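Colleague: Build the 3D model from these lines:
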Amino acid sequence: RTEPMGEGELLAHAQPGVYTCAGCALPLYASEHKLESSVQHGWPAFGTALGAGVSRRRQGKGAKVEVICARCSGHLGHVFSSKRYASGER
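Modeller: Just a heads-up that it's a prediction; the model follows:
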């Protein structure tokens with residue numbers, strides 16, 4: 001289940017550690033790779049993933065890219081273009 005935009009407890013979470021998949025507990029992101037997000041964006045945003053734990057798949061004919069857990073295919077979010085970050089995406 002996706003939490004409502006801007007209401008997730010991890011949006012402002014700043015404790016050091018590792019974020020894991022809610023479905024299978026695979027380590028996905030280190031806390032130091034969490035990007036400064038805001039209620040405007042709605043959900044936590046991350047830069048570099050740990051190992052090969054995260055996969056991407058294009059949805060439909062458009063440019064929408066879904067981010068999923070590489071082990072269980074659990075939905076993690078979407079990738080968007082963003083000039084706000086050095087990578088050009090969030």
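Colleague: Report the spatially closest residue to Gly77, excluding sequence-adjacent ones.
Modeller: Val67 (5.0 Å; Cβ to Cβ, 6 or more residues apart in numbering). Placement of C-beta: from N, CA and C, glycine included.
Colleague: Near Ala52, how many residues? Count them for me, please.
Modeller: 9 (other Cβ atoms under 10 Å).
Colleague: list the contacts for Gly17?
Modeller: Listed by Cβ atoms under 8 Å, 6 or more residues apart in numbering, the contact set of Gly17 reads Ala30, Ser31.
Colleague: start to end distance for stretch 57-72?
Modeller: 14 Å (Cα to Cα, to the nearest Å).
Colleague: tell me the phi and psi of the residue nearest to Gly77?
Modeller: When read as degrees, to the nearest 10, the backbone of Val67 gives phi -100, psi 130.
Colleague: Show me what it is bridged to.
Modeller: Arg56, Gly77 (DSSP bridges).
Colleague: residues in contact with it?
Modeller: Val54, Ser55, Arg56, His75, Leu76, Gly77, His78, Val79.
Colleague: Show the model's pLDDT score for the residue nearest to the fifth one when sequence neighbours are not counted.
Modeller: Counting by Cβ to Cβ, 6+ apart, Val67 is the residue found nearest to Leu76 once chain neighbours are left out, at 4.4 Å. Per-residue pLDDT puts Val67 at 92.
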